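Asker: Give me a model of this one.
(2 chains)
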Amino acid sequence: MKYYAPKGLSDILPEEIPYWHAVEGEVRSAMSSYNYREIRTPMMEKTEVFARGVGEDTDVVSKEMYTFDDKGGRSMTLRPENTASVVRAYLEHKFFGKEELSKWYYVGPMFRYEAPQKGRSRQFHQYGAEAIGSDDPALDAELITLAIDILTSLGLEDVGLKLNSIGCPADREDYIEELVSYLEPKQEGLCADCQERLTTNPLRILDCKNETCQEIVKDGPVMTDHLCEDCQVHFDEVKSYLGELEVDYVIEPKLVRGLDYYTKTVFEVFSEDLGAQDALVGGGRYDGLVELFGGEPTPAVGFAGGIERLVLLLEELERVSHSGEGLDLYVATIDEESKKVAVKIQRELRKVGLITEVDYLGKSLQGQLGYADRYDAKYTAILGPRELEDDELTLRNMESGDQIKVSLDNYVEDIGKRITD
RNA sequence: AGGAGCGUAGCUCAAAGGCAGAGCACUGGGUUGUGGUCCCAGUUGUUGCGGGUUCGAUUCCCGUCGCUCCUCCCA
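Answerer: Got it, this is the predicted structure:
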């Protein structure tokens, strides 16, 4: 074969589509119950939207962006995530003046240039929600329950919630200072990446998987001990709301997340049933992002979930039903004369909503019945010289094998009634 | 970016230097106009690509492309 889809970009084939529809359907229905409205932003932005919004030193920006120059010489980037675009759109269309709290959701493709593996591809799909305009901890809890409700309504039960607070920028500054002064004397023991991170992004050392780094970090300062009173109260309130909502969680002090814009609450929902890439949903509060883009200081919180990973789980659980996709009626024909009548009959029945098919492969009657069987046809109409002679068709119930004659004068009503029973 | 594994029929996989096979699927027949089960027959190949070793390579070697999984990070 000469042509392949580019590495990391894959086709979603017809047989997988039921899973996608199941996920997208649950997402839309949950979002709408929670009163989030859909927004669709462009699939690409000027590179600086992500570079500034997500943060220059993050993995996403520093090594995973699909960036190219357009014909006007502008640097463009396929969106690696959608929060930066949503905030850009919020400001561009001046929603701060239109509504006090903007609750939006999105579903669509994202792009990150990485080596593909299970649960990770270069084009992948996320659903996500953003609530811009409130610092109420109850809103943090709402986003978390929204994320979890989508998963449980799809039938997933073995999901866990990791929760942490990384405080406000001032808290982080204090904490980073202390972390760095704790780590500097031990610098030699850190892995090469972490020695680099010590100057670029010390927080990321916390979730380095390297064992010796973990050993060193284990006895170091903990973020949640360095929250200012405001952030501490907020964190406590989030936990208290989650308690009220009976949501189980684990406090994960080392959860810092890969994007620079987060403040206060951060969380991750994961599954034990996935491979190495087990994060299903990630999110948190980003009180500084609107201001970073030039708006008034505006608190906000959101999350994003990966559809591919959900589909993987649903396929393993076989939770999605494939029934109801068969044909209502197959119209089998014997000769050219009957085929001409068959296409007219088929069109009339399709107009009333039946799923029908005729033979386009020149199959024998036997072959046509085999085809009807394979595609789970409820009924097969048989049309040949004998039927045309009497101005009727033979209607075969494919389950029982019973056959009756139906007049060509009122077949639409007659057949329609039998099939919808 | 690094590590490991795998590329043979439409699909799932055998053949381990000596005639490229099986199951499923597909087509026809048993049924001159009737599916599912059954029986019979038939079709299907640049063994990913290029080179090397050999009398002979799907098999061994080198290269290359592709896929998959893993490390890192994340959705």
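Asker: distance between stretch A:292-301 and the chain's centre?
Answerer: 25 Å (C-alpha atoms, centre = their mean, to the nearest Å).
Asker: what comes up buried for it?
Answerer: Buried positions in stretch A:292-301, judged by neighbour count with 16 or more other C-beta atoms under 10 Å: A:292, A:293, A:295, A:298, A:299, A:300, A:301. Every C-beta, even on glycine, is put in place using the N, C-alpha and C of the backbone.
Asker: Likewise for stretch A:134-142?
Answerer: Going by 16+ other C-beta under 10 Å, stretch A:134-142 has these buried residues: A:134, A:135, A:136, A:137, A:139, A:140, A:141, A:142.
Asker: Out of these, flag the one nearest to residue A:215.
Answerer: residue A:140 (32.2 Å; C-beta to C-beta).
Asker: Run the contact check for the strand or helix carrying that closest one versus RNA strand B.
Answerer: Here residue A:140 is covered by helix A:137-153, with elements defined by DSSP states H and E. No. Remark: helix A:137-153 sits outside contact range of RNA strand B, by C-beta under 7 Å from any atom of the strand, the gap being at least 9.8 Å.
Asker: Please parse chain A into its domains.
Answerer: A:14-168+A:228-317, A:329-420 (automatic domain parsing).
Asker: now the first one, how far from the centre of its chain.
Answerer: The gap between where domain A:14-168+A:228-317 is centred and where its chain is centred comes out at 10 Å by C-alpha atoms, centre = their mean.
Asker: if I pick residue A:180, what's in contact with it?
Answerer: With contacts defined as C-beta atoms under 8 Å, 6 or more residues apart in numbering, residue A:180 is in contact with A:198, A:202.
Asker: how about 6 Å then?
Answerer: Counting by C-beta atoms under 6 Å, 6 or more residues apart in numbering, residue A:180 makes contact with residue A:202.
Asker: Tabulate the CA atom coordinates of the strand or helix carrying it in CSV.
Answerer: In this structure, residue A:180 sits in helix A:169-183 according to DSSP H and E. Output in CSV follows, covering the C-alpha atoms of helix A:169-183 (Å, rounded to 0.1, in the frame of the first residue of the first chain):
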residue,chain,number,x,y,z
PRO,A,169,1.1,32.9,42.3
ALA,A,170,2.5,34.4,45.5
ASP,A,171,2.1,31.1,47.3
ARG,A,172,3.8,29.4,44.5
GLU,A,173,6.6,31.8,44.5
ASP,A,174,7.2,31.3,48.2
TYR,A,175,7.0,27.6,47.8
ILE,A,176,9.2,27.4,44.8
GLU,A,177,11.8,29.4,46.6
GLU,A,178,11.7,27.0,49.5
LEU,A,179,11.7,24.0,47.2
VAL,A,180,14.7,25.3,45.3
SER,A,181,16.7,26.0,48.4
TYR,A,182,15.8,22.5,49.6
LEU,A,183,16.8,20.9,46.3
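Asker: Next, the buried residues of that helix.
Answerer: Buried-residue list, helix A:169-183, by 16+ other C-beta under 10 Å: A:171, A:172, A:175, A:176, A:178, A:179, A:183.
Asker: circling back to that earlier point, for RNA strand B, state which of the buried residues of stretch A:292-301 is nearest.
Answerer: residue A:301 (13.9 Å; C-beta to the nearest atom of the strand).
Asker: Can you verify my assumption that that closest one contacts residue A:285?
Answerer: Yes. Counting by C-beta atoms under 6 Å, residue A:285 is a contact partner of residue A:301 at 4.3 Å.
Asker: okay if I get the buried residues of stretch A:292-301 as JSON lines plus distance to residue A:156?
Answerer: Formatted as JSON lines, the buried residues of stretch A:292-301 follow (distance: C-beta to C-beta, whole Å):
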{"residue": "A:292", "distance to residue A:156": "35"}
{"residue": "A:293", "distance to residue A:156": "35"}
{"residue": "A:295", "distance to residue A:156": "36"}
{"residue": "A:298", "distance to residue A:156": "33"}
{"residue": "A:299", "distance to residue A:156": "30"}
{"residue": "A:300", "distance to residue A:156": "27"}
{"residue": "A:301", "distance to residue A:156": "23"}
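Asker: returning to what we had before: on contacts alone, who are the packing partners of the helix or strand just after the helix holding residue A:140?
Answerer: Next along the chain after helix A:137-153, taking DSSP H and E as the criterion, comes strand A:159-165. With contacts taken as 3 or more C-beta pairs under 6 Å, 6 or more residues apart in numbering; DSSP states H and E, strand A:159-165 sits against strand A:263-271.
Asker: go again using 8 Å as the cut-off
Answerer: helix A:137-153, helix A:229-244, strand A:250-251, strand A:263-271 (3 or more C-beta pairs under 8 Å, 6 or more residues apart in numbering; DSSP states H and E).
Asker: I'd like the mean pLDDT over that strand, please.
Answerer: Here strand A:159-165 scores 93 as its mean pLDDT.
Asker: Stretch A:354-367 too?
Answerer: 92.
Asker: contacts for that stretch?
Answerer: Counting by C-beta under 8 Å, 6+ apart, A:326-334, A:339, A:342-343, A:346, A:349-350, A:368, A:370-372, A:375, A:377, A:382, A:384, A:415-416, A:419 sit against stretch A:354-367.
Asker: Also stretch A:402-416?
Answerer: In contact with stretch A:402-416 (C-beta under 8 Å, 6+ apart) are residues A:329, A:341, A:345, A:348-349, A:352, A:354, A:379, A:381-382, A:387, A:390-397.
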